[in-house]
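>>> What follows is a predicted protein model with its sequence.
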Amino acid sequence: MRAVQESSLPEIVRQEDGCLEYAYYAAVADAEKILLVEKWASEERQQTHLRQPHMQQLKRWKEQYIAETAVEKI
């Protein structure tokens, strides 16, 4: 969570065209768990976001810090 807080990535993503929400939350019961909530104007905008160069930083974080991920589309 600290890596996210100290980076400019969330603010960069929030400025992307079509980003409606991009926020990280730490679980109260387990600070080791982080929830990322993203809302995009369309699937196309989200796919464009995933191809941005700054997303390489997120990939490095996942490799370094994240043991497991789950994606839910609602």
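Yep, it's here. Numbering: from 1, shown residues only.
>>> send the alpha carbons of the lowest-mean-pLDDT helix or strand in the chain over as CSV?
Between all helices and strands in the chain, the lowest mean by mean pLDDT, DSSP states H and E belongs to helix 2-6, at a mean of 77. The C-alpha atoms that make up helix 2-6 are tabulated as CSV, following Å, rounded to 0.1, in the frame of the first residue of the first chain:
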residue,chain,number,x,y,z
ARG,A,2,2.9,2.3,0.8
ALA,A,3,4.3,2.0,-2.7
VAL,A,4,0.9,3.1,-4.1
GLN,A,5,0.6,6.0,-1.7
GLU,A,6,4.1,7.3,-2.5
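>>> Excluding residues flanking it in the chain, which one is nearest residue 40?
residue 46 (4.0 Å; C-beta to C-beta, 6 or more residues apart in numbering). (C-beta placed from N, C-alpha, C; glycine too.)
>>> Might one say that that neighbour is in contact with residue 39?
No: applying C-beta atoms under 8 Å as the test, residue 46 and residue 39 come out as separate, 9.1 Å apart.
>>> Name the residue in those two with the higher neighbour count.
More crowded of residue 46 and residue 39, by other C-beta atoms under 10 Å: residue 46, with 16 against 12.
>>> The least confident helix or strand of the chain - contacts with which helices or strands?
Here helix 2-6 touches helix 55-65, going by 3 or more C-beta pairs under 8 Å, 6 or more residues apart in numbering; DSSP states H and E.
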